[in-house]
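[1] Build me a model:
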Amino acid sequence: MGQIILIFHVLFALALIGLVLLQKGKGASMGAAFGSGASQTVFGSRGSIGFLMKLTLLCGGLFFASSLWLTYIAAHRTKESPSQGLLGQAEQISQKTANSTKKIKPNTIIKKKVSGGKKR
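    Okay, the predicted model is just below:
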């Protein structure tokens, strides 16, 4: 399920890039809003939204929705939280080290023999 959504996500991203590059720039109308021209507004002289703009908005919305869906899938993929996973790993390591170390009896004393020493 996640792979299918990821494929659609990439397709929406590519379509969004293509649609933005196909649209006509509106750089001249931005200057008109700040006093260099009086007849145009900030968003251009056309009042209605064109076909490419509607298609861009649709692809942008689908891209946003697929991003949220992929985030939801990634968040609910693991059954345990990351902190619980780390605690479980720490417990496994401590159990392995406890089993592998030999217990030393407290009454065992290592005596060194002193050889070659003179008694007085």
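[2] where along the protein do the strands fall?
    With DSSP state E as the criterion, the chain has no strands.
[3] longest helix in it, by residue count?
    helix 51-75 (DSSP state H).
[4] avg pLDDT for it?
    Mean pLDDT, computed over helix 51-75, is 93.
[5] could we number from 734 for the rest of this?
    Sure, I'll start counting at 734 from here, so that last one is helix 784-808.
[6] how about it: buried residues?
    The neighbour-count check on helix 784-808 (16 or more other C-beta atoms under 10 Å) flags 789, 792, 795, 796, 799, 802 as buried. Bear in mind the C-beta positions are built from the backbone N, C-alpha and C, glycine included.
[7] wait, what's in contact with the residue nearest to residue 735 when sequence neighbours are not counted?
    Of all residues not flanking residue 735 in the chain, residue 806 sits nearest, at 4.9 Å (C-beta to C-beta, 6 or more residues apart in numbering). Taking C-beta atoms under 8 Å, 6 or more residues apart in numbering, we find residue 806 in contact with 734, 735, 738.
[8] any chance of the residues you listed in JSON lines, plus pLDDT and distance to residue 810?
    Formatted as JSON lines, the contacts of residue 806 follow (pLDDT from 0 to 100; distance: C-beta to C-beta, whole Å):
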{"residue": "734", "pLDDT": "80", "distance to residue 810": "11"}
{"residue": "735", "pLDDT": "84", "distance to residue 810": "8"}
{"residue": "738", "pLDDT": "92", "distance to residue 810": "13"}
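[9] Can you tell me how far the residue lying closest to residue 749 once chain neighbours are set aside is from residue 752?
    Distances taken as C-beta to C-beta, 6+ apart place residue 792 nearest to residue 749, at 4.5 Å, with adjacent residues excluded. From residue 792 across to residue 752, the span is 6 Å (C-beta to C-beta, to the nearest Å).
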